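# Build the 3D model from these lines:
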Amino acid sequence: MTAAGAAAAPADHPAETTEIKVIGLRRLIAERMSEAKRSIPHFAYVEEVDVTELESLRHHLNLSRPENAASLSYLPLVRDGH
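Reported below is the predicted structural model:
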């Protein structure tokens with residue numbers, strides 16, 4: 001079967017769905033999440049940063065660590081500016 005054939009659903013087999021009533025705590029969570037989505041302003045902030053030198057430092061530090069030590073990630077090398 002090709003990838004295109006796998007993606008296409010047969011037209012003669014309708015998708016089956018089961019409806020489950022949301023009650024109790026799950027209902028309260030759903031209501032609060034919906035309210036938050038409607039009332040809280042949503043935004044995204046993107047900033048591009050050249051981390052070439054940071055990657056070079058991280059690579060150097062990882063090479064100097066003991067063989068059984070975990071590799072350093074970027075997290076210990078980055079500050080949030082505060």
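# Show me the helices in this structure, by range?
Counting by DSSP state H, the chain has helices at residues 3-7, 24-39, 52-64.
# Quick one, which of those helices gets closest to residue 46.
helix 52-64 (18.3 Å; CB to CB). For glycine as for every other residue, the C-beta is placed from the backbone atoms N, C-alpha and C.
# List the buried residues in the closest one.
residue 58 (16 or more other CB atoms under 10 Å).
# I would like the residues contacting that helix, please.
Outside helix 52-64, the residues that touch it by CB atoms under 8 Å, 6 or more residues apart in numbering are 71-74, 77-78.
# can you give me the mean pLDDT across that helix?
Helix 52-64 carries an average pLDDT of 95.
# Distance to residue 17 for the helices of the chain - can I get that in CSV?
Putting the helices of the chain into CSV (distance: least, CB to CB, whole Å) gives the following:
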stretch, distance to residue 17
helix 3-7, 20
helix 24-39, 18
helix 52-64, 47
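# so which of these comes closest to residue 18?
helix 24-39 (15.5 Å).
# just checking, what packs against that closest one?
Taking 3 or more CB pairs under 8 Å, 6 or more residues apart in numbering; DSSP states H and E as contact, there are no helices or strands that helix 24-39 lies on.
# how much space between the most centrally placed residue in the chain and residue 75?
Geometric centre of the chain, nearest residue: residue 44, 14.3 Å, by CA atoms, centre = their mean. Residue 44 sits at a distance of 21 Å from residue 75 (criterion: CB to CB, to the nearest Å).
# if I look at residue 78, how far off is residue 48?
For residue 78, the distance to residue 48 - CB to CB - is 14 Å.
# Show the low-confidence segments of the chain, by residue range.
1-13, 81-82 (pLDDT under 70).
# Distance of residue 63 relative to residue 69?
11 Å.
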